[in-house]
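1. When you get a sec, could you give me coordinates for this:
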Amino acid sequence: TAAATTSGSKSIGGLVGQNNGAVNNASASGAVTATGQYAGGLIGDHRSTISIVDTNASGAVTGTESTGGLIGRAQANVTDSSASGRVNGTTGSNVGGLIGEHDPSQVATIANVSASGDVSTSGGVRVGGLVGSSISGSPVTMLNARAEGNVTTSDLSGTDAFTGGLIGEIQNAKNVTNVSATGQVNASIVPGQVVGGGHVGGLIGSLEHESTSRIVANASATGDVATDTNGQVGGLIGTYSGGGTVEDSNARGNVSATGQSVGGLLGSADASIIRRSSATGDVNSTGSNVGGLIGKHDPSQVATIANVSASGNVSTRNQGAGGLVGSIQTNPVSISDAGASGDVTAEIGGGGGYVGGLIGEIRNAKNVTNVSASGQVNVSANTGFNGEHVGGLIGVIDHESGANIVANASATGDVNADAAGPTGGLIGGTEGTLGTVQDSYAQGNVSGTGPVGGLIGQTNGDTARVYASGRVEGNSGLGGLIGDNSGQISESYW
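-> Just a heads-up that it's a prediction; the model follows:
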């Protein structure tokens, strides 16, 4: 045990500066200050592969690169350990409330750990409430981990930025389970500068899995997320890649950004399964692909989204906006038991204005069943703009095959669009491969320029056992049920 104020240049720790042996059942209290890299409340630089077990540190830690509340840099397992106190990286990257830089040379585990206290840096590109970075290439498992405190990155310029309430960036991740972060997350650029790409999340800035069999489970983030970096931003995870599974997870807080791919839970996602998860809070971005749960889902394999929900308003000054998902592209995706409550608002400047109460745009869709949206959808566009697809549930849908269906689907809010393009109370338009819409309804009033339908704006597919009950207004191609139809209609009414 050590209790003292410690200061120096490089490899500075409250107990040990540079360590090549074992450190267990150890603690340190007091402020640690370094003018160089590797500063930790307990250990500055842990170079050994021997696990660090049952340790804690309390006190403020200040350094540059690789600065942590417990360990500046760790190359081993870290378990049953904690840190409390403010951590500040004055000019460097890899800054974390517990570990600044996790750099193992073998398969590693971080478990039963916590950090409490604000974490901040100026110009640092990997910052987290618990771990700044774990990107050595060795697979890492994380479980039973939490962070409490605000995470702030300022004065970013010129390169990618990774900021998270728990982890800034983790690569080659194995399972990440039973993890949480509580606090505000903010990443801001130098005024007038351009950042290559932001990866900002309430829990994790960027996570890449080791394999598609890996999961993020029982994960949560509570607190607002805000950034003016141009990139992927999520209430839970900014960028999720590797084709794994996200389940039993949630985010609570508003998300505000200027980049593309912004979501209440996941900003940009490549996941095989997303299930039993939710997001609560408003989502706003000036960029495209904005969703109450997922900004952009771009899976590298056949994927499923099931038992998910989003609650809160969604707004953008660009295209691809949905109360649940902004856009879904590439490989086939099934969606079931999904709902969104909240208004969706878009100001379209150019391109295809795909906007929906649940999904803005979905390509290569498999079955979409038991889905609903209950908010208003409002779209405004430049004068003379043509190409909107606006729907109370889905803006535009393109099925994987003609055998696929939209079923047990509903939208209850009004839909208003002021530029030319298919507009519908349930679906704006269908494109490409056509499926069937059945056992579904829309109850809101619909207004547009045309074609406009109480249920569907334009379709070549079949409809069965559907209805619409709202008022329909527009300039041309108006229908109480469908504005422009080339398919078969059966057992349906307006």
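
2. could you measure the residue positioned nearest the centre of the chain against A310, distance?
-> The residue lying closest to the centre of the chain (C-alpha atoms, centre = their mean) is L266, at 1.9 Å. Distance of L266 to A310, computed by C-beta to C-beta, to the nearest Å: 11 Å. For every residue, glycine as well, the C-beta is placed using N, CA and C.

3. Now do N144: how many residues are near it, please.
-> Counted with other C-beta atoms under 10 Å, residues neighbouring N144 total 16.

4. how close does the closest residue in space to L70 that isn't next to it in sequence get to S122?
-> Of all residues not flanking L70 in the chain, A83 sits nearest, at 4.1 Å (C-beta to C-beta, 6 or more residues apart in numbering). The gap separating A83 from S122 is 21 Å, by C-beta to C-beta.

5. which one of these two has more residues nearby?
-> Comparing A83 with S122 by other C-beta under 10 Å, the one with more neighbours is A83, at 30 against 16.

6. per-residue confidence at the more buried one?
-> Confidence at A83, expressed as pLDDT, is 98.

7. surely it meets G117?
-> Yes. If you go by C-beta atoms under 8 Å, A83 and G117 touch, sitting 7.5 Å apart.

8. any residues in contact with both of these two?
-> G69, G97 (C-beta atoms under 8 Å, 6 or more residues apart in numbering).

9. Please name the strands paired to the host helix or strand of V127 in the sheet, noting orientation.
-> Taking DSSP states H and E as the definition, V127 sits inside strand 126-128. Applying DSSP bridges, strand 126-128 is found paired with strand 95-96 (parallel), strand 161-164 (parallel).

10. elements contacting the next helix or strand along the chain from the longest one?
-> The one in question is strand 161-164. Per DSSP H and E, the first helix or strand lying C-terminal to strand 161-164 is strand 167-182. In terms of contacts (3 or more C-beta pairs under 8 Å, 6 or more residues apart in numbering; DSSP states H and E), strand 167-182 is packed against strand 95-96, strand 126-128, strand 131-134, strand 140-148, strand 161-164, strand 204-209, strand 215-222.

11. average pLDDT for the second one?
-> Per-residue pLDDT over strand 126-128 has a mean of 95.

12. switch to numbering from 50
-> In the new numbering, first residue 50, that becomes strand 175-177.

13. what's next to it, contact-wise?
-> With C-beta under 8 Å, 6+ apart as the criterion, strand 175-177 contacts 138, 142-146, 150, 168-170, 181-182, 184, 196, 200-202, 211-218, 253-254.

14. And for stretch 218-226?
-> Stretch 218-226 has contacts (C-beta under 8 Å, 6+ apart) with 156, 175, 177, 180-193, 211, 248, 253-259, 263-268, 291.

15. Out of the strands paired with strand 175-177, which one sits most buried?
-> strand 144-145 (a mean of 38; mean count of other C-beta atoms under 10 Å).

16. Now do that one: distance to the chain's middle.
-> 21 Å (C-alpha atoms, centre = their mean, to the nearest Å).

17. mean confidence for it?
-> For strand 144-145, the per-residue pLDDT averages 98.

18. How about stretch 339-350?
-> 96.

19. Figure out the length between the terminal residues of it.
-> 22 Å (C-alpha to C-alpha, to the nearest Å).

20. Could you do stretch 67-78 as well?
-> End to end - C-alpha to C-alpha - stretch 67-78 spans 18 Å.

21. what's next to it, contact-wise?
-> Outside stretch 67-78, the residues within contact range by C-beta under 8 Å, 6+ apart are 50-52, 60, 62-65, 87, 90-97, 99-108.

22. Buried subset of the contacts of stretch 218-226 as a PyMOL selection?
-> Listed next is the PyMOL selection for buried residues among these, using 16 or more other C-beta atoms under 10 Å:
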select buried, resi 175+177+180+181+182+183+184+185+187+188+189+190+191+192+193+211+248+253+254+255+256+257+258+259+263+264+265+266+267+268+291
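
23. Which helix or strand contains the closest residue in space to T276 that isn't next to it in sequence?
-> Excluding its sequence neighbours, the residue lying closest to T276 (C-beta to C-beta, 6+ apart) is A236, at 4.2 Å. In this assignment (DSSP H and E), A236 forms part of strand 234-238.

24. try T98
-> Per DSSP H and E, there is no helix or strand for T98.

25. ok, now which ones touch it?
-> Q124, A125, P153, S154, Q155.

26. buried subset of those?
-> Counted by 16+ other C-beta under 10 Å, the contacts of T98 give Q124, A125, P153 as buried.
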